[in-house]
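S.K.: coords please:
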Amino acid sequence: MQVSTAWRRIARVFLPFVAGYYLSYLFRTINAMIANHLSSDTGVGTADLGLLTSVYFLVFAAAQIPIGILLDRFGPRRVQSVLLLLAAAGAGLFAISTDFLSLLVARAMIGLGVAAALTAGLKSIVLWFPKERVALLNGYMVMLGSLGAVTATGPVEHLLAWIGWRQLFKVLAAATGATAILIYAVVPERGIVPSAARATLGSVLGDRRFWRMAPLSATCVGSAWSLQGLWASPWLTDVEGLDRASLVRQLFIMSIVLSAGAWLFGTTVHSIKRRGIGAEAVLAMVAVLFIAAELSLILRASLPSILPWSVVAIVGTATVVSFAVIADYFPPELAGRANGALNVLHFGWAFLAQYSTGLILEQWSANDGHRPVRAYQVAFGLSIALQIATLVWFALPWRRSVASWMSSILFFKPVDVSYAVVSVGSYEDLVILLPADDDAEW
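M.R.: Okay, the predicted model is just below:
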């Protein structure tokens, strides 16, 4: 690929989809900043606020598989532009809503409207850019898109003081509509070359490798989204005792770290894959680090809280790692379905974690508007327990592989074990990663 061609594709393909993903991230995380305004203006309680925020994830998750099929069939340009128009209408409705039901419907419309923001961008990268650059460009897309989380802190705080949350959502509605028109007008069409293999959703859901990796990715990434998108703010206020200015500053730092984490994951995966190492190892390390950070929070370890919360923020961009694993498992014609299936679990778990946390917290009465530390410890602890279970499930094939290797060494083999050859797995359990060509054109 010539340099001039690469830059044209970045300008006409990559950046328009980045704009859509930026808006998606902004809508996802903005409720943490407007939560108090919503409660005071509309009277929603803690559980209703959790449902109002998490319905975005529920609708987002439900739409992923249909959207994946549409992306594989019609391409990302048309699917993304149509859905963003729906998100614009939802933002406009949110701006004028005065009761919980209309707010809930508007939030659901926004969630459906931006449901293709990430997968459409990933699909466009697979279609338009060299395979050896996919993981790196995925990292850049998530990094730039996650600047929406940065915008949803300090900048949104200033806008709320200036124009209020209703006018802000009117501005977001206009920006989303303009982005939809931009994508439709600027992004070129790209034909998909069919393969000899049948491109069906069953090819994804029937793959055992997918079901070993997906639960771990979902419980970690989904929990990170739930925490940063809503529950970090109440924790920092109720447990850490931060005032409004300190809260906004810490959320801003977390969003900056989140954006940097996407770049870090993208470059790390790109580097290790060139050396023949699978991205699964990175995903396991991310999970261990995330669990450790959450444990340090609920156990009240003597650390500056920004450290574990920064880890939480970084894990929110571990989709870069997960989608790199998916890209190794499935061919390009299945990219939309595979990414969509994984995103169902990501956003489905984010919904469950965000809504159930609100329900658990309401079991404790508030003292001067603040929930006790024990409430958060119970809510967060249940999530950690499930993450540990999925990590064990993910590691089981590695454990069996190590045990099989050790048993093949005579020193470790028991004297009464026969030397019969047995099958230890099918070819689907083997992932062969070839290093990228160092001389590949870009």
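S.K.: next up, phi/psi of residue 330, please.
M.R.: The phi/psi pair for residue 330 (degrees, to the nearest 10) reads phi -130, psi 150.
S.K.: isn't it right up against residue 338?
M.R.: Yes - counting by Cβ atoms under 8 Å, residue 330 touches residue 338, with 4.4 Å between them. Any C-beta I mention is one placed from the backbone N, CA and C, and that applies to glycine too.
S.K.: okay, and the common contacts of the two?
M.R.: Common contacts of residue 330 and residue 338 (Cβ atoms under 8 Å, 6 or more residues apart in numbering): residue 204.
S.K.: neighbour-wise, which of these two wins?
M.R.: Set residue 330 next to residue 338 and count neighbours by other Cβ atoms under 10 Å: residue 338 wins out with 27 against 21.
S.K.: isn't the more buried one up against residue 204?
M.R.: Yes - using Cβ under 8 Å, residue 338 makes contact with residue 204 at a distance of 4.8 Å.
S.K.: what is in contact with the two at once?
M.R.: Common neighbours of residue 338 and residue 204, counting by Cβ under 8 Å, 6+ apart, are 210, 330.
S.K.: for residue 134, give me its contacts.
M.R.: Shown in contact with residue 134 (Cβ under 8 Å, 6+ apart): 125, 126, 324, 327.
S.K.: no wait, residue 76
M.R.: Going by Cβ under 8 Å, 6+ apart, the list of residues near residue 76 reads 17, 116, 120, 121, 123, 124, 127, 187.
S.K.: thinking again about what came up before, mind putting the contacts of residue 134 into JSON lines with pLDDT?
M.R.: Formatted as JSON lines, those follow (pLDDT from 0 to 100):
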{"residue": "125", "pLDDT": "88"}
{"residue": "126", "pLDDT": "83"}
{"residue": "324", "pLDDT": "85"}
{"residue": "327", "pLDDT": "80"}
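S.K.: pick the one among the residues you listed closest to residue 225.
M.R.: Minimum distance to residue 225 across the contacts of residue 134 is 18.6 Å, recorded for residue 324 (Cβ to Cβ).
S.K.: SS state for the closest one?
M.R.: At residue 324 the chain is in helix, as set by DSSP: H, G, I helix; E, B strand; the rest coil.
S.K.: before we move on, back to that, pull the most distant pair out of the contacts of residue 76.
M.R.: Pairwise distances across those peak at 14.2 Å for 116 and 127 (criterion: Cβ to Cβ).
S.K.: out of the two, which sits in the busier spot?
M.R.: Shown here are residue 116 and residue 127; by other Cβ under 10 Å, residue 116 has more neighbours (34 against 19).
S.K.: list the contacts for the more buried one?
M.R.: For residue 116, the contacting residues are 63, 67, 70, 71, 76, 79, 80, 83, by Cβ under 8 Å, 6+ apart.
S.K.: how about those, which pair is most distant?
M.R.: Greatest spacing in the contacts of residue 116, by Cβ to Cβ: 63 and 76 (14.5 Å).
S.K.: the contacts of residue 76 in strands, which ones?
M.R.: With DSSP state E as the criterion, strands contain none of those.
S.K.: output the contacting helices and strands for the strand or helix carrying residue 284.
M.R.: Assigned by DSSP states H and E, residue 284 belongs to helix 280-298. Helix 280-298 makes packing contacts with helix 208-226, helix 244-274, helix 306-315, helix 319-329, helix 373-407 when contacts are defined by 3 or more Cβ pairs under 8 Å, 6 or more residues apart in numbering; DSSP states H and E.
S.K.: buried residues in that helix?
M.R.: Using 16 or more other Cβ atoms under 10 Å as the test for burial, helix 280-298 gives 280, 282-284, 286-287, 289-291, 293-294, 296-298.
S.K.: make JSON lines out of those residues and add distance to residue 181.
M.R.: Shown next, in JSON lines, are the buried residues of helix 280-298 (distance: Cβ to Cβ, whole Å):
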{"residue": "280", "distance to residue 181": "40"}
{"residue": "282", "distance to residue 181": "38"}
{"residue": "283", "distance to residue 181": "37"}
{"residue": "284", "distance to residue 181": "42"}
{"residue": "286", "distance to residue 181": "37"}
{"residue": "287", "distance to residue 181": "40"}
{"residue": "289", "distance to residue 181": "41"}
{"residue": "290", "distance to residue 181": "38"}
{"residue": "291", "distance to residue 181": "43"}
{"residue": "293", "distance to residue 181": "41"}
{"residue": "294", "distance to residue 181": "42"}
{"residue": "296", "distance to residue 181": "46"}
{"residue": "297", "distance to residue 181": "43"}
{"residue": "298", "distance to residue 181": "46"}
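S.K.: and the nearest residue to residue 348 once chain neighbours are set aside, helix, strand or coil?
M.R.: Distances taken as Cβ to Cβ, 6 or more residues apart in numbering place residue 61 nearest to residue 348, at 4.0 Å, with adjacent residues excluded. Following three-state DSSP, residue 61 is assigned to helix.
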